[in-house]
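> Need a 3D model of the following:
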Amino acid sequence: MRLYSLSVLYKGDPKVHLLKAAYDVSTFNFFQRSSVQEFMTFTSQLIAERSALGSRASVKEQEYLCHVYVRSDGLAGVVIADNEYPQRVCFTLLDKVLDEFSRQVSKMDWPSGSPATISYSALDGYLSKYQVQT
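Below you'll find the model as predicted:
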C-alpha cells in the first residue's frame, strides 16, 4: 500500500491550478520519475476540474486510485494511491490537510497562488507519515 501524491489545488474560474504538492516517486525507475510526477500533477488537476464544489470522489486511473475532495470554498485536495490503500484514510488525510492549509494560507492567495509562491511545507511530512510500511 502506497501513497504517491498529495496535492492542494484551487478550483476557481476558469480552471483549476496547483497550489502545493508532494510526491513519492521513489519506487519508480529513476528515468521515469519526472514523467510519472507530471502525470500525477496533470491527473490531479483534471480530476479536481471535473469534480463539483462540495464533493468527494474516488477515480481509478490506470493502476492508481485518485481520491479527490473539493470544498465548497474552491479549495481542493487530491491523493493518488495504489488500489490497496484504504479510501477512508485518504479522505481523513485530505480533510486534515485542507483544514490546516486554509488556516495557514490566506484565502486571498488561493486564486493567484502557485507552488513557488505558497509557503506551506507540511505536505511532504504528511505523505511520509501516512505511507504504510510493508
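
> Would you mind confirming that residue 22 is in contact with residue 124?
Yes: at 4.6 Å, residue 22 and residue 124 qualify as touching, with contact defined as CB atoms under 8 Å. Yep, even glycine has a C-beta here, placed from its N, CA and C like the rest.

> The two: which has the busier surroundings?
Using other CB atoms under 10 Å as the criterion, residue 22 and residue 124 rank with residue 22 on top: 19 against 14.

> For the nearest residue to residue 72 once chain neighbours are set aside, the count of nearby residues, please.
The spatially closest residue to residue 72, leaving aside those adjacent along the chain, is residue 54, at 4.3 Å (CB to CB, 6 or more residues apart in numbering). By other CB under 10 Å, 10 other residues sit near residue 54.

> swap in residue 38?
With other CB under 10 Å as criterion, residue 38 counts 10.

> And residue 34, by the same measure?
Residues lying near residue 34 (other CB under 10 Å) number 11.

> which residues touch the nearest residue to residue 83 once chain neighbours are set aside?
Spatial nearest neighbour of residue 83, chain neighbours left out: residue 65 (5.6 Å); criterion: CB to CB, 6+ apart. Residue 65 is in contact with 58-59, 80-83, 85, 87, 90, counting by CB atoms under 8 Å, 6 or more residues apart in numbering.

> How about residue 119: what's its closest non-neighbour residue?
Of all residues not flanking residue 119 in the chain, residue 105 sits nearest, at 7.5 Å (CB to CB, 6+ apart).

> swap in residue 67?
Nearest in space to residue 67, with sequence neighbours left out and distances taken as CB to CB, 6+ apart, is residue 90 at 4.0 Å.

> That neighbour and residue 73, how far apart?
According to CB to CB, to the nearest Å, residue 90 stands 20 Å off from residue 73.

> Please enumerate the strands of this protein.
For the chain, strands defined by DSSP state E occupy the ranges 3-11, 16-23, 55-61, 64-70, 75-82.

> Report pLDDT for the spatially closest residue to residue 86 that is not a sequence neighbour.
With sequence-adjacent residues excluded and distances taken as CB to CB, 6+ apart, residue 86 is closest to residue 1, at 7.8 Å. pLDDT for residue 1: 90.
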